[in-house]
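Asks: no sequence for this one, just the structure:
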């Protein structure tokens, strides 16, 4: 890194980082995963951290640290070097693994999620280290299985608990509310999954020979799923809203000021119009209300033309987004009980409970959050940071809380329409430098808060 | 056919007929289709009919006739030599195209549908011709595309209208009510198909990033399909029951005597329990009430595990069975209008109207029906024939009515559980001989009726 030009190099480094097709979901890319992990370790070494590549039963975890000193806070930066698959490739305007800059955005798989964002922090640390020593103890943990659900991370955190002990975790892996608006995300929803199967006749039946005398599993499934929301789009499962707090007045006030209009959300989703639970604003529905979504639904004949069949089975996949205050396992039990109770005896029902990811919330008034808010304000030209929640789930946040006992600062640097997981993923070029600044300001403010 | 042993030969001939894998749905069997058509033509020749193989844009039609004389009625026997595919082959206990007799049933693809049944009529004519001349003019039409919806039959009937002119059509291609019960089927349901697509977001959305603010097409589709029946399982589409007559008292009386118990229908369907429209008996629901069935339903993620997606599209295939008195096109219009009216503006709806097959009904008091009833009684040991409807559709019945102006006698010779279209299709060996007797009795009774 000697002789690195701090104005030119970040984008070149990001291009190098993007060049690895580090797709964790596809075993054929195991070699690329390892090469990418080695690249991250080498970069950490070059900027002055002590870095190791740790083997796991899956993809390696890279951990770097500066020289820790007593009497200083320890900050753990978390990121991931793995990326989503690139299908459908035909929809990419340029090659997914060749970074291209157009209109201030760098395009490429992983540019936002998460290579651009974790690189900004690494380059922030690089600048800090170039100037002298960092004001805090730092651990940087970059894993390679985030896109497949981090199956080995909790185990890794447990076995390296001492080494990873810290006062705060920092993650930049989610979007800012809008371009140019420094954003502090203080809560995320969790997730709870369930799969549902209805079985009627023992075999597919001719709809002429038997239509009218037996239950059709597809019709029964439609009735069942159709009963999950009432006319106001409240979820009709008894007890579903237990423990869900109403949005607080300061949240309502903060969100009403955000430069995120319904027209922006219409554009981003491409929906004919917005729709949701009555009695709540769009952002309230997105950030602090639980949801129940059918993610997949199938049964019977899906080919060309028609087939006059009463199918023997019908299937649905459901996930709920849950909010801080709700218990994922309790909620899945309630949902299962409701589905079983609603199901008529003319079909047999099977409910399989799936994975859960806990919701997370950080106290905005806490010293670490206040330090982050000051750092955001400084880095973005004295603009007041937006206080938002996020409707999605970062399950590792709950792991850090549970295993290391540490809260997480969520300081997203990408935009909502950066296309994470989609073709033509992009990252704002300017946010590389803003991220570098933010990293340094953050360390200063955390150090100051700790002393103060 | 000289020297044919009338007791042994029918089964051998059926085995020969079954040996052709005359699967009209699979182009790779075009050669087998043609060979099978030739075999039928040759058989007609050998038994003393004058037979021709007629080319169509699809599979050939075989037509045979005796020497027609003025002053006699003309009876057209319709059947088909094509069969359904044999998938799933693994479920067949013996090879689909090698006839095997077990427990009084001959097993093989097409044994019931329709080779066994049309062969019984051909062998009935053979016996009649061996004894002298037939008492009526006969046309036998055996087509090769019934299992793919007879796409060229209406055109063939139109262009050969003079040659095919007749007083009555006879079809044995449906089940008897139960073994040993001669059965006269005086009505069949029709069918009307429709496909439905809902489009919400312009692309699949992340259920965390956007869940709660847009309509989920799968949820909306479930609500829409769930609204098609009310709590009593009446179809909720306004006007749906226009023109549907209540079952007549004599029908209710006749059906209550039938040896077709709910336990039989439970066994045949393998459903946990029977279910249908309130206020009607099981057989009324099956035979004289319209239905609306979802035949296929799909959208979103169907793979292993879960994918937290709000899909952009949802699809359903629907068919209605309609009864004599209903107009298929009017009904599809009503259904489309209802679906469009019920659909919320948060998703876009597309409705594609599909094929229709008209319902059919024969007057039981008509001379031809009475002749058939006498013939059935005679052939089945003086047993009183059951008067039933059929819930399924034979679209050619409506074609014969429309193009030739002729009613159809439906005189099924297979059983409800013969497994037409399913693995291990079978046909009762004894019904070959009963069919041969029935054919001769029918011609005598029709001739007598015509004179009388």
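Replies: Happy to help now that I have it. No experiment lies behind these values; they were computed from the predicted model shown. Residues are numbered from 1 along each chain as shown, chains lettered A, B, ... in the order given.

Asks: Near chain B, which residues of the stretch 1-150 of chain A? Just list them.
Replies: Contact residues, the stretch 1-150 of chain A versus chain B (C-beta under 8 Å from any C-beta of the partner chain): none. Any C-beta I mention is one placed from the backbone N, CA and C, and that applies to glycine too.

Asks: so where's the stretch 1-150 of chain A shaky on pLDDT?
Replies: For the stretch 1-150 of chain A, applying pLDDT under 70 flags the ranges A:1-8.

Asks: rerun that using 90 as the cut-off
Replies: Counting by pLDDT under 90, the ranges of the stretch 1-150 of chain A that qualify are A:1-9, A:87-89, A:148-149.

Asks: All the strands of it, in order from the start?
Replies: Counting by DSSP state E, counting those that start in this stretch, the stretch 1-150 of chain A has strands at residues A:50-54, A:61-65, A:74-80, A:100-102, A:105-107, A:137-143.

Asks: Which positions within the first one qualify as buried?
Replies: Within strand A:50-54, the residues that qualify as buried by neighbour count (16 or more other C-beta atoms under 10 Å in any protein chain shown) are A:51, A:53, A:54.

Asks: residues touching the closest residue to residue A:392 other than its chain neighbours, list them.
Replies: Excluding the flanking residues, the one nearest residue A:392 by C-beta to C-beta, 6 or more residues apart in numbering or on different chains is residue B:208, at 2.8 Å. Counting by C-beta atoms under 8 Å, 6 or more residues apart in numbering or on different chains, residue B:208 makes contact with A:189, A:191, A:321, A:390, A:391, A:392, A:393, B:308.

Asks: Relative to the whole chain's centre, how far out is the host helix or strand of residue B:208?
Replies: In this structure, residue B:208 sits in helix B:207-210 according to DSSP states H and E. In terms of C-alpha atoms, centre = their mean, to the nearest Å, the centre of helix B:207-210 is set 48 Å apart from its chain centre.

Asks: swap in stretch A:430-446?
Replies: For stretch A:430-446, the distance to the chain centre is 21 Å (C-alpha atoms, centre = their mean).

Asks: What residues sit buried inside that stretch?
Replies: The neighbour-count check on stretch A:430-446 (16+ other C-beta under 10 Å) flags A:431-446 as buried.

Asks: Repeat that for stretch A:161-168.
Replies: Neighbour counts over stretch A:161-168 (16+ other C-beta under 10 Å) mark A:164, A:166, A:167, A:168 as buried.

Asks: okay if I get those residues as JSON lines plus pLDDT, distance to residue A:155 and secondary structure?
Replies: Supplementary listing: the buried residues of stretch A:161-168 in JSON lines, determined by pLDDT from 0 to 100; distance: C-beta to C-beta, whole Å; DSSP: H, G, I helix; E, B strand; the rest coil:
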{"residue": "A:164", "pLDDT": "98", "distance to residue A:155": "12", "secondary structure": "helix"}
{"residue": "A:166", "pLDDT": "98", "distance to residue A:155": "18", "secondary structure": "coil"}
{"residue": "A:167", "pLDDT": "97", "distance to residue A:155": "23", "secondary structure": "coil"}
{"residue": "A:168", "pLDDT": "98", "distance to residue A:155": "22", "secondary structure": "strand"}
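
Asks: Can you narrow those down to the ones near chain B?
Replies: Filtering the buried residues of stretch A:161-168 for proximity to chain B (criterion: C-beta under 8 Å from any C-beta) leaves nothing.

Asks: the inter-axis angle of the longest helix along chain A versus strand A:137-143?
Replies: For chain A, the helix with the greatest residue count under DSSP state H is helix A:429-451. Per axes from the mean of the first three to the mean of the last three C-alpha atoms, to 10 degrees, the angle that helix A:429-451 makes with strand A:137-143 is 140 degrees.

Asks: how far does helix A:429-451 sit from the chain's center?
Replies: 22 Å.

Asks: and the angle for that helix with strand A:74-80?
Replies: For helix A:429-451 and strand A:74-80, the angle between their directions (the same axes, to 10 degrees) works out to 150 degrees.

Asks: Run through the neighbouring helices and strands of helix A:429-451.
Replies: Taking 3 or more C-beta pairs under 8 Å, 6 or more residues apart in numbering or on different chains; DSSP states H and E as the contact definition, the neighbouring helices and strands of helix A:429-451 are helix A:9-19, strand A:74-80, helix A:117-131, helix A:367-379.

Asks: Go through those and pick out the most buried.
Replies: strand A:74-80 (a mean of 25; mean count of other C-beta atoms under 10 Å in any protein chain shown).

Asks: contacts for that strand?
Replies: Here strand A:74-80 makes contact (C-beta under 8 Å, 6+ apart) with A:68, A:114, A:117-118, A:121, A:125, A:136-147, A:164-173, A:396, A:400, A:404, A:406, A:408, A:442-443, A:446.

Asks: now do stretch A:235-250
Replies: Outside stretch A:235-250, the residues within contact range by C-beta under 8 Å, 6+ apart are A:227-230, A:234, A:255, A:280, A:284, A:288-292, A:323-327, A:330-331, A:334-335, A:338.

Asks: is it true that residue A:10 touches residue A:123?
Replies: Yes: with contact defined as C-beta atoms under 8 Å, residue A:10 and residue A:123 form a contacting pair (5.4 Å).

Asks: any shared contact partners between the two?
Replies: Common contacts of residue A:10 and residue A:123 (C-beta under 8 Å, 6+ apart): A:432, A:436.

Asks: so how many other residues sit close to residue A:384?
Replies: For residue A:384, the count of nearby residues is 13 (other C-beta atoms under 10 Å in any protein chain shown).

Asks: For the closest residue to chain B within the stretch 301-450 of chain A, list the residues it contacts.
Replies: The minimum distance from the stretch 301-450 of chain A to chain B, using C-beta to the nearest C-beta, falls at residue A:392 (2.8 Å). The contact partners of residue A:392, taken as C-beta under 8 Å, 6+ apart, are A:174, A:188, A:189, A:321, B:206, B:208, B:209.

Asks: Of these, grab the buried ones for PyMOL.
Replies: Of the contacts of residue A:392, the buried ones go into a single PyMOL selection, burial set by 16+ other C-beta under 10 Å:
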select buried, (chain A and resi 174+188+189+321) or (chain B and resi 206+208+209)
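
Asks: can the contacts of residue A:392 go into JSON lines with extra columns for distance to residue B:413 and pLDDT?
Replies: Below are the contacts of residue A:392 laid out as JSON lines (distance: C-beta to C-beta, whole Å; pLDDT from 0 to 100):
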{"residue": "A:174", "distance to residue B:413": "69", "pLDDT": "92"}
{"residue": "A:188", "distance to residue B:413": "67", "pLDDT": "95"}
{"residue": "A:189", "distance to residue B:413": "63", "pLDDT": "96"}
{"residue": "A:321", "distance to residue B:413": "59", "pLDDT": "97"}
{"residue": "B:206", "distance to residue B:413": "59", "pLDDT": "91"}
{"residue": "B:208", "distance to residue B:413": "60", "pLDDT": "93"}
{"residue": "B:209", "distance to residue B:413": "62", "pLDDT": "91"}
